[in-house]
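[1] this is a predicted model, with the sequence first.
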Amino acid sequence: MTLASVMRRAARLLLVLGAISIVTFGLLAVMPGDPALALLGPGATDAAVAEVRASLGLDRPLIVRYGDWLLSALGGDLGTSYQTGQPVVTSLADRFPLSIELVLVSQIVALAVAVPVGLWSARRPGGIVDRICSVGGLGLLSLPMFALGSLLVYVFAVTLKWLPATGIPSFGDDPLGHVQGLILPVLSLAGWQFAMYAQILRGEARTVLAEDYIETAVLKGLPTRAILLRHTLKPASLSLASLVPITTGELIGGAVVVETLYALPGVGRLMVDAIAARDLLVLQGAVLAVAVVFVMLNLFADVVVRWLDPRIRSHHAG
Amino acid sequence: MTLLTLTGLNVSIADGTDRIHAVRDVGMTIARREIVGLVGESGCGKSTLSRAAVGLRPAGVTVSGSVRLDDTELLDLDHRTLAAEVWGRKVGFIPQNPMGALNPVLRIGHQLTEHMRRHLGIGAREARTRAADALAATGIPAPVAALDKFPHELSGGMRQRVAIAMALACDPALLIADEPTTALDVTIQAQIIDLLVTLCRDRDMAMLLVSHDLPLVLQVADRVDVMYAGRVVERAPSTGLAERRAMPYTAALLDSVPTLSGPQPVRLPAIGGTPPDLRAAPRGCAFAVRCGHADAECATREPTLQPVRGDDHLTACLRPLEAKTPVIGEDETAPETAADRAVPVLRATDLVLEYRVPGRPSFRAVDGVSLELHEGEILGLVGESGCGKSTLGRALTGLIRPAAGTIEHPAGETADVQLIFQDAKGSLNPRRSILDVVAEPLLYAGRGTTRERREEAASLLASVGLDPEVLGRRAPRRLSGGQAQRVAIARALAAKPRVLVCDEPVSALDVSVQAQIINLLMDVRTATSVSILFIAHDLAAVRAASDRVAVMYLGVVCEIGSAEEVLGAPRHPYTKALVASVPGQGGRLRASLSGEPPAPGDPSSGCRFQTRCPEAVPECAITRPPLVDLGPTQAVACHVVAPSRQATGVSPS
Amino acid sequence: MPVEQGTPSAATTVTSPDPAPAGTPARRGAGRGLGPGALVALGWLAGLSVLALLGDALPFIGDPSRMTSLPYEPPSSAHPLGTDEIGRDVLSRVVYAARVSLPIAAGAVAVAMLVGGIIGLLTGFLRGTVDEVGQWLLDVLVSFPPLILAMAVTAFLGRSPVILAVILGLLFVPPAARLVRTHTMATSTREYVVAARVLGASRIRIVFREIVPAVVPHLLAYAVLAASAVIVIEGALSFLGLSIPPPTPTWGGMITAARDGLAEAPHVLLVPVAVLFATVLALNGLADTLRSRLVETR
């Protein structure tokens, strides 16, 4: 990539980040009712309300308030939770690791299963693997994460009693318990991902397998394994990588659902609890943090696509 | 000694619930070091045969009969064994489309070495050395550097050289080349064919050359098999086949191809009709319905391959032709056309056309072209891909705004210029009936009621040789390519144009259909006095259709004149090379030009052609040669052939 | 979901010879019915809509919030699908929940298709600055994970059906707009559109007679897919307790509430899961059918 194109992308990223901050800030600003009252939660004293109102500077113009908010956010200050009295940044730092672990592990599990399944079913269109994959895939795609998760709880936790239904000890305290606690949440999250990846890969691999260069490779006498793994997977995985914004968005939403379902202390749970308690500064901080992480992940996926596809790579270099 | 023997080969392809019998009972042999041509129109089964001949049986394809390579029966081997022992090792395969035949995301070096390491059991380092040697043998400059490139970084011709190097890598005894030059420009085609033949001779390889281009194959192959509807219908040595052909289909194929030699025909002999549907086995001779010599027996009894003129010349025909009988079409005398009066209807002066890509410097596709199109004439515009001929054509229709220069319409308005596309089917809205498609321009002009417009469309359809009752209500996708091109012409005529720009109107069509469309365009010109700009890369087609011809190279016109002058006695070195690269003129086809055109838009001073020109002088690198008149109609832009006054300082008198 | 193919492929200048021989046999699929799977899917959706519309006018269906029996009753003649944790009829609740999900889905899809369609058409046809600004706006909208944005907005702005439909609809504006933009750009460079320009068609005519008819089928196929996605997200919101508040029944809410009695009364979980699954599956299957037919008839 040339310097100019890096600069262009950086400028675009800054614009998007700026817009995210405006939207996040704006949510609180355009909220109906008295923000001070909303921030303090029900049962606040008049004195406290007056104090918060003054500290928020509600009498000052919106743009000045936004500037102040942005400056302190950049400095790592997203306010304080009225519920716990903890700085919002601290709660986020506590909660993020588990959510990231959950999302990462599910992503890896989904891909690890989807790649062989997708390639295999593309190899013999209409074959038995292909048919199971397409029917099962459609089914899994149609089962929302909270429904799949509830079913998994019913089968593996309530009926079979193999795995815990809720809660997770930290890895340091109880490694085995941690892994056991992770299994059902990861399965709930990975089900949809797997189906999505397998279906897309299957379709793409079918297209690739019909390309002339596959026939060239076959008639060079390459073994089937080399044709699938070298000549098919790499071009077909381009579209998987370009799917990442969609699947990551879905995964982050799924993490909220799964953390609630299995009572796991992640960021998603933090947000749901914050909404229930009307702890809006926590919610605002979490939304901002999640959106920033999301944008960065998408940027990363974009870079990976560029790296995978030499045509785009040199197009931008040239 | 026989290398490959096919016996009773049948190939059928599953197509939904039907089966297409693509190859029917074909026997064939290829001897060591022999080059055998396999020729036929699209859908005749030649590509399917070439794959079955190496034992390739994809899902849905059933192959029966026998394929013996040396002493091995390939149809007894499974895919795994064929891959390990035959493909890439004993048989090399050269694909049709060099753009799609190399994996876009793997480096050339990887694609060249992976099968070498498997088949020859050598290490990565040695494979790389050998790969570089193979690239060098195919004439790739800087082969070691090329190993680290991706396919898209190479031109089409270079990619085809890489594909050839890949096929050669393990020293196979047999090469299968499926239309190896169809997608390439004519000068590059000559280079690639020359290379293939040389390699076969030098390395004692046999080759099965599959192509639709009979003149090309006749010039290269030792023997030719002509295929029609899944069968071989004529088999003969290449030498003299043009005169000795026995099967009317072979004769028709030969006659309907326009040539660069001989008198310019008034009408091209064309074969009517289209090949049969191979879902059901045809009764009798499959060609009978299109054959001028067929009788009642031909319609009921399917002939088998029998010797006609000696043991090595066979044909599957009940009524074989005598040597050299004209089969179809008679020459006529040319009717006088309005073109003879030279009234200009369209004039481009110093036209410059640019493409702008954001973030990159704009490049000039057309750089200072002046042209005049006369009333009722057909002006051929030829050149290789990237020369700017299509861009120029689109600018004349008003689709592209010139960056400099003018386009004048001495006789009318901009809307009087209509456009005919290469992909005729793509130019017809798939959601309308054919009648409505043809009526489109009437609708835009706000003429008549729906009913009146449809009536006019019906009569236009009839005028281009289509039956409006049968085709009028159909959707465009159900047309064949030739029919679609007729519909497109009818629609353009509905706009009552003065000028018709035809952008490669026949290059996507089979030769027999090409001739029909060229004839139709000539008829339209005679009937309506419309002027036609006939853009094509096929010199022979241009010669057959055109009164005058302009030759373009990298955005400039380098020669212009009457078709006889420019293509019969070319003066510009580039035109000479182009003409020499066209197969079918006797003698061995030789590459007349080395190298490839520089990247379009490369800003260099002097003559655009100097980098490849065999006759270049120092002057060529300095100033750009202007078009200089050599006679009443012919003009050339070349310092060597036509020194201009400014350049030489010599007075013309 | 639409996956944009952003990879430029090398263009070949010379095409292979004419691929369509004479008497091209009638292409399979043209003029064929929808197929049994799609008919079942349509039947399910229609049946569910009718049930939801008629509501307690039907036998077996009563007031969804009345406690008419003991908690966790198994299916019986009085309660064909049993009762829930506080003795309400599960069948009635699952049918009334459709009164929430289906209209919100319909409203959201209407918003997404209308706004996304217009943005896509404008950016794809006009290109240039309009396109740049449009793309940037969409970039902002997609920089929030969908469920997070929906949660945040409903938390701050309230949870009425209208707000839900609008915010869920906005989530699907970017993909709808990109789909329309892609197809608009692809169509406007198709040769039959170029031909119409040369033949003298006006810009308005080209947009409405050439481009819109080519783009709308793709948008409709996507609308069906988007409807299924909206139902899933709305379900997730109600599962989290962030959609229409109780006592109005929602599928997600019923699934949450079923957790405590899973051991003794699994039907309280299984019924809403099955109905939700069948609805989403029907929409996904229908979208698949529509898309594959679009590819066929292209």
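    Ah, there it is. Only a predicted model underlies this, so the values are computations on that prediction, with no experimental measurement involved.
[2] what's the helix or strand for the residue nearest to A:T260 when sequence neighbours are not counted?
    Leaving aside its chain neighbours, A:T260 sits nearest to A:V272 (5.3 Å; criterion: Cβ to Cβ, 6 or more residues apart in numbering or on different chains). (C-beta placed from N, C-alpha, C; glycine too.) Element membership for A:V272 (DSSP states H and E) is helix A:267-276.
[3] and C:V111, what does it touch?
    Taking Cβ atoms under 8 Å, 6 or more residues apart in numbering or on different chains, we find C:V111 in contact with C:165-166, C:169-170, C:173.
[4] the residue of the stretch 201-350 of chain B found nearest chain C - how many residues pack around it?
    At 3.3 Å from chain C, B:T274 is the closest residue in the stretch 201-350 of chain B, using Cβ to the nearest Cβ. Residues near B:T274, counting by other Cβ atoms under 10 Å in any protein chain shown, number 23.
[5] shouldn't it be in contact with B:S480?
    Yes - if you go by Cβ atoms under 8 Å, B:T274 and B:S480 touch, sitting 5.9 Å apart.
[6] and the next helix or strand past the helix or strand containing B:C298?
    Under the criterion of DSSP H and E, B:C298 resides in helix B:296-300. Downstream of helix B:296-300, the next assigned helix or strand under DSSP H and E is strand B:306-307.
[7] and the contacts of that following strand?
    Applying Cβ under 8 Å, 6+ apart, the contact partners of strand B:306-307 are B:313-316.
[8] in PDB, could you pull the C-alpha coordinates for the helix holding A:V272?
    Extracted C-alpha coordinates of helix A:267-276, given in PDB (Å, rounded to 0.1, in the frame of the first residue of the first chain):
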ATOM      1  CA  VAL A 267     -19.400  -6.700  28.600                       C
ATOM      2  CA  GLY A 268     -22.700  -7.800  27.200                       C
ATOM      3  CA  ARG A 269     -24.000  -8.700  30.600                       C
ATOM      4  CA  LEU A 270     -22.700  -5.400  31.900                       C
ATOM      5  CA  MET A 271     -24.800  -3.500  29.300                       C
ATOM      6  CA  VAL A 272     -27.900  -5.500  29.900                       C
ATOM      7  CA  ASP A 273     -27.600  -4.900  33.600                       C
ATOM      8  CA  ALA A 274     -26.900  -1.200  33.100                       C
ATOM      9  CA  ILE A 275     -30.000  -0.900  31.000                       C
ATOM     10  CA  ALA A 276     -32.100  -2.700  33.600                       C
END
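[9] report the buried residues of it.
    A:267-272, A:274-275 (16 or more other Cβ atoms under 10 Å in any protein chain shown).
[10] where do the helices sit along the stretch 201-350 of chain B?
    B:214-220, B:241-244, B:248-256, B:296-300 (DSSP state H, counting those that start in this stretch).
[11] so for chain A, which of those sits nearest?
    With respect to chain A, and counting by Cβ to the nearest Cβ, the nearest of the helices of the stretch 201-350 of chain B is helix B:214-220 at 21.2 Å.
[12] now do that closest one: distance to the chain's middle.
    Relative to its chain's centre, helix B:214-220 lies at 14 Å (Cα atoms, centre = their mean, to the nearest Å).
[13] give me the residue at the spatial middle of chain A.
    Central residue of chain A (Cα atoms, centre = their mean): A:I252, 3.1 Å from the mean position.
[14] neighbours of residue 36, how many?
    With no chain named, the answer covers chain A. Applying other Cβ under 10 Å, we find 18 other residues in the vicinity of A:A36.
[15] switch to chain C, please.
    For C:P36, the neighbour count with other Cβ under 10 Å is 8.
[16] before we move on, which element is residue 47 in?
    Using chain A. Short version, using DSSP H and E: A:A47 is in helix A:46-56.
[17] let's do chain C instead
    With DSSP H and E as criterion, C:G47 is part of helix C:36-54.
[18] quick one, the helix or strand just after that helix and helix C:36-54 angle?
    Next helix or strand after helix C:36-54 toward the C-terminus (DSSP H and E): helix C:90-126. Interaxial angle, helix C:90-126 versus helix C:36-54 (axes from the mean of the first three to the mean of the last three Cα atoms, to 10 degrees): 110 degrees.
[19] which parts of helix C:90-126 are buried?
    Neighbour-count burial for helix C:90-126, counted by 16+ other Cβ under 10 Å, picks out C:90-102, C:104-105, C:107-109, C:111-113, C:115-117, C:119-125.
[20] then stretch B:127-145?
    Buried-residue list, stretch B:127-145, by 16+ other Cβ under 10 Å: B:127-128, B:130-132, B:134-135, B:137-140, B:143.
[21] wait, B:L77 sits on B:V86?
    Yes - under the contact definition of Cβ under 8 Å, B:L77 touches B:V86, with a separation of 7.1 Å.
[22] residues shared between the contacts of the two?
    Joint contacts of B:L77 and B:V86 (Cβ under 8 Å, 6+ apart) are B:G55.
[23] among these two, which residue is more densely surrounded?
    B:V86 (21 against 17).
[24] what does the stretch 101-250 of chain B put close to chain C?
    Neighbours of chain C within the stretch 101-250 of chain B, by Cβ under 8 Å from any Cβ of the partner chain: B:104, B:152, B:156, B:179, B:182-184, B:212.
[25] residue in chain B nearest to chain A?
    B:G88 (3.3 Å).
[26] give me the pLDDT for that residue.
    For B:G88, the model assigns a pLDDT of 92.
[27] what about it, distance to B:M1?
    23 Å (Cβ to Cβ, to the nearest Å).
[28] which one of those two has more residues nearby?
    B:G88 (28 against 7).
[29] so where's the chain shaky on pLDDT?
    No chain was given, so I picked chain A. A:1-3, A:5, A:32-35, A:37-43, A:55-59, A:311-318 (pLDDT under 70).
[30] looking at chain C here, not the other one
    Ranges of chain C meeting pLDDT under 70: C:1-33, C:295-298.
[31] now the residue in the stretch 151-300 of chain A positioned nearest to chain C, nearest residue through space, not along the chain?
    Using Cβ to the nearest Cβ, A:G253 is the residue of the stretch 151-300 of chain A that sits closest to chain C, at 2.9 Å. Leaving aside its chain neighbours, A:G253 sits nearest to C:L147 (2.9 Å; criterion: Cβ to Cβ, 6+ apart).
[32] in a helix, the one you found, correct?
    Yes - assessed by DSSP: H, G, I helix; E, B strand; the rest coil, C:L147 belongs to a helix.
[33] wait, it touches C:S238, no?
    No - C:L147 lies out of contact with C:S238 (Cβ under 8 Å); the separation is 12.0 Å.
[34] those two: who's more crowded?
    Neighbour totals were compared for C:L147 and C:S238, and C:S238 leads with 29 against 26 (other Cβ under 10 Å).
[35] report pLDDT for B:A334.
    52.
[36] other residues contacting the helix holding B:C298?
    B:283-285, B:288-289, B:291, B:318-319.
[37] so for those, which is the shakiest by pLDDT?
    For the contacts of helix B:296-300, the pLDDT minimum is B:R283, 82.
[38] ok, now how distant is the nearest residue to that one once chain neighbours are set aside from B:A288?
    Closest residue to B:R283 in three dimensions, ignoring its sequence neighbours and counting by Cβ to Cβ, 6+ apart: B:T300, at 6.5 Å. Noted for B:T300: a distance of 9 Å to B:A288, by Cβ to Cβ.
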